[in-house]
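[1] Sequence first, then the predicted structure, then my questions.
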Amino acid sequence: MSTRTIVRRALLAACGAAALTAMTALPATAQEVYKIGLVSPLSGANARYGAFANKGANLAAKEINAAGGVQGRKLEFVSGDSQCVPAEGVSATKRMISFDKLPIIIGDICSSVTLAMQPLAEEAGVLLVNAASSNPMITYKAGVGGFKWTFRNYPTDEGRAAIVLEHAVKNRGLKTFAVLSVDSDYGRGAINFTKKYLPRYPDAKILSEDYYKDSETDFRPVLSKIRNSGAQAILMYGQADTTPIVARQMLEMGLAGKVVLVGNGEFNTAKTIAAAPSVLNGSIEAAAWLPEWTSARSQKFVDDYKKAYGGEMPNNHAYTHWETTHLVAAAIKAAASLKPEDVRNALAKIKYDSAMGPVTFDDHHQAVLPMVLLEVADGKPVIRSAIAVKVDYPK
């Protein structure tokens, strides 16, 4: 054997050993990253909200990693696009479960997608933590309701209706209501939830009930009926673009200062208030979170988010996904484990201090957490308090 042949074989052997060493080192490197899923609309009509969700979640991941990560590993997101369409959300979830082998998924903004994800997560034993869907059915079906792997860290439409009603009756002394809500699952659903909790207040009652179509612009006949009924407040859960129209027509009919708007229809935005300030004064609305919320943790989040994303102001979805990512990390720390079942059990028992206040989960895995109570005073939105409510589940 020539000297050249011996050298060549030695080099090949060395390269082979180096390649083998590199291959055996890969799993150790991979173990340093702990991946979880994030399903949200990244395209389509709701892509704007998905972008906020991803920015908030990734900001939280950076903060968590800067503090040492989760169980010593770097937290990293795998994003999936639901387009706010259940079939697309299901496809993204299946990929995360079967291909990426992810133990935890956060999602979705759209309730219809989250409802479709639940049975997939249940069957696979993957923890599904929701940060933005408000349909009560999600947690009706969770925990003792059946889906033991689903949790929600977000208020429901039902909770909002109950909180708004409680504040209107107990703190503002409003007793007689008229309904003027959008004719949709959301608008009718919110009123049905209001009726569910109305018996808590024996002196309160609904005098009339009307619903409007999205394209409707003339509310004078209904407002005339409401004026004649003597109602103190209008329960309105509806479209943001419709509220200024209703407010201007209330002003025309002399209802300013006599009838209060109560519910959710972006009563507190500058555009709406400008339409008829004297009508909007005193209006009552609840929100999951607002950038104006004054807790130190909330204000730090706003500042850090703006610094991270070129001065952009975070919206509700940015906050809730940021907070939910921190919540998941806190559950992993409490579990002292990365196993999904251990994290699930820790999450069920957690007491977490969020920017909005303390968070715990009920037996349906619904977070019991405060919502911001807003009123318009002197032409500006004013935060009155943060209120939490426990849901009365169907028997």
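    Alright, I've got the coordinates.
[2] which non-adjacent residue is nearest the residue most central in space within the chain?
    With distances taken as Cα atoms, centre = their mean, Ala132 lies nearest the centre of the chain, 2.1 Å away. Distances taken as Cβ to Cβ, 6 or more residues apart in numbering put Ile109 closest to Ala132, at 4.3 Å, once the chain neighbours are dropped. Quick note: C-beta positions are derived from backbone N, CA and C, even for glycine.
[3] I'd like to know how many residues surround that neighbour.
    26 (other Cβ atoms under 10 Å).
[4] same check, this time on Ile106
    25.
[5] Look at the residue nearest to the centre of the chain and give its secondary structure.
    Under DSSP: H, G, I helix; E, B strand; the rest coil, the three-state class of Ala132 is coil.
[6] For it, list the residues it contacts.
    Ala132 makes contact with 40, 49, 53, 108-109, 154, 316-317, 320-321 under the criterion Cβ atoms under 8 Å, 6 or more residues apart in numbering.
[7] again, 6 Å this time
    By Cβ atoms under 6 Å, 6 or more residues apart in numbering, Ala132 lies in contact with 109, 154, 317, 320.
[8] For Ala308, see how far away Ala318 is.
    Noted for Ala318: a distance of 10 Å to Ala308, by Cβ to Cβ, to the nearest Å.
[9] So between the two, which is more surrounded?
    More crowded of Ala318 and Ala308, by other Cβ under 10 Å: Ala318, with 27 against 16.
[10] contacts for the helix or strand hosting Leu128?
    Assessed by DSSP states H and E, Leu128 sits inside strand 127-130. The contact list for strand 127-130 (Cβ under 6 Å, 6+ apart) reads 104-106, 114, 117, 121, 149-152, 328, 340, 343-344.
[11] Rebuild those residues as a markdown table, extending it with secondary structure and pLDDT.
    A markdown table is the format used below for those (DSSP: H, G, I helix; E, B strand; the rest coil; pLDDT from 0 to 100):
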| residue | secondary structure | pLDDT |
| --- | --- | --- |
| Ile104 | strand | 98 |
| Ile105 | strand | 98 |
| Ile106 | strand | 98 |
| Thr114 | helix | 96 |
| Met117 | helix | 98 |
| Ala121 | helix | 98 |
| Trp149 | coil | 98 |
| Thr150 | strand | 98 |
| Phe151 | strand | 98 |
| Arg152 | strand | 97 |
| Val328 | helix | 98 |
| Pro340 | helix | 95 |
| Val343 | helix | 98 |
| Arg344 | helix | 98 |
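[12] Out of these, which two sit at the greatest distance?
    The span of the contacts of strand 127-130, defined through Cβ to Cβ, is set by Thr114 and Val343 at 18.9 Å.
[13] where are the low-confidence patches of the protein?
    The model of the chain has pLDDT under 70 over residues 1-31.
[14] care to break it down by domain?
    1-30, 33-155+293-364, 158-287+373-387 (automatic domain parsing).
[15] need the ones you listed in TSV with distance to Tyr393, can you?
    Shown next, in TSV, are these (distance: least, Cβ to Cβ, whole Å):
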stretch	distance to Tyr393
domain 1-30	42
domain 33-155+293-364	6
domain 158-287+373-387	10
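[16] Of those, which is nearest Pro394?
    domain 33-155+293-364 (6.5 Å).
[17] quick one, helices of the stretch 251-395 of the chain?
    270-275, 277-280, 296-308, 316-335, 340-349 (DSSP state H, counting those that start in this stretch).
[18] Show me which residues of the first one are buried.
    Read it as helix 270-275. Residues 272-273, 275 are the ones in helix 270-275 that count as buried (16 or more other Cβ atoms under 10 Å).
[19] again with the longest one
    Judged by neighbour count (16+ other Cβ under 10 Å), helix 316-335 contains these buried residues: 316-335.
[20] now that helix and helix 296-308, what's the angle there?
    With axes from the mean of the first three to the mean of the last three Cα atoms, to 10 degrees as the basis, helix 316-335 and helix 296-308 are set at 120 degrees to each other.
[21] Centre of the chain to helix 316-335, how far?
    12 Å (Cα atoms, centre = their mean, to the nearest Å).
[22] can you list contacts of that helix?
    49, 52-53, 55-57, 59-60, 64, 70, 106, 129, 131-132, 153-154, 288-289, 342-343, 346-347, 350, 352, 354.
[23] Now list the buried members of those.
    Buried among the contacts of helix 316-335 (16+ other Cβ under 10 Å): 49, 52-53, 55-57, 59-60, 64, 70, 106, 129, 131-132, 153-154, 288-289, 343, 346-347, 350, 352, 354.
[24] Out of those, which sit inside strands?
    Within these, membership in strands is found for 106, 129, 352, 354, as judged by DSSP state E.
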